[in-house]
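1. sequence unknown, structure follows:
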């Protein structure tokens, strides 16, 4: 049982590193996703949900 503390310590360290890695990846993914959405020219301005614009653009008819 002398090496049991080393196993527990390494296991805890691995779990902490894994959790920090997942958090960092998700933050990077969210930041990249918001940068992509805000860089689109047809994106609605920040703060609006764009539901009205999307509804109007789906039901546009061409008249002869």
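-> Arrived safely, thanks for sending. The structure presented is a predicted model; accordingly, all values stated were derived computationally and were not measured. Residues are numbered from 1 along each chain as shown.

2. what is the mean pLDDT for stretch 16-32?
-> Averaged over stretch 16-32, pLDDT sits at 95.

3. which parts of it are buried?
-> Within stretch 16-32, no residue qualifies as buried by neighbour count (16 or more other C-beta atoms under 10 Å). Where you see a C-beta, it was placed from the backbone N, CA and C, and this is true even at glycine.

4. Can you identify each of the strands in the protein by residue range?
-> For the chain, no strands are identified by DSSP state E.

5. longest helix in it, by residue count?
-> helix 4-39 (DSSP state H).

6. Mind giving me the packing neighbours of it?
-> Contacts defined by 3 or more C-beta pairs under 8 Å, 6 or more residues apart in numbering; DSSP states H and E place helix 4-39 against no helix or strand at all.

7. And residue 12, what's its pLDDT?
-> Per-residue pLDDT puts residue 12 at 97.

8. Please apply the same query to residue 40.
-> In this model, residue 40 is scored at 63, pLDDT.

9. One more: residue 37?
-> Per the predicted model, pLDDT is 71 at residue 37.

10. And it, how far from residue 30?
-> For residue 37, the distance to residue 30 equals 11 Å [C-beta to C-beta, to the nearest Å].

11. Quick check: neighbours shared by those two?
-> Residues touching both residue 37 and residue 30 (C-beta atoms under 8 Å, 6 or more residues apart in numbering): there are none.
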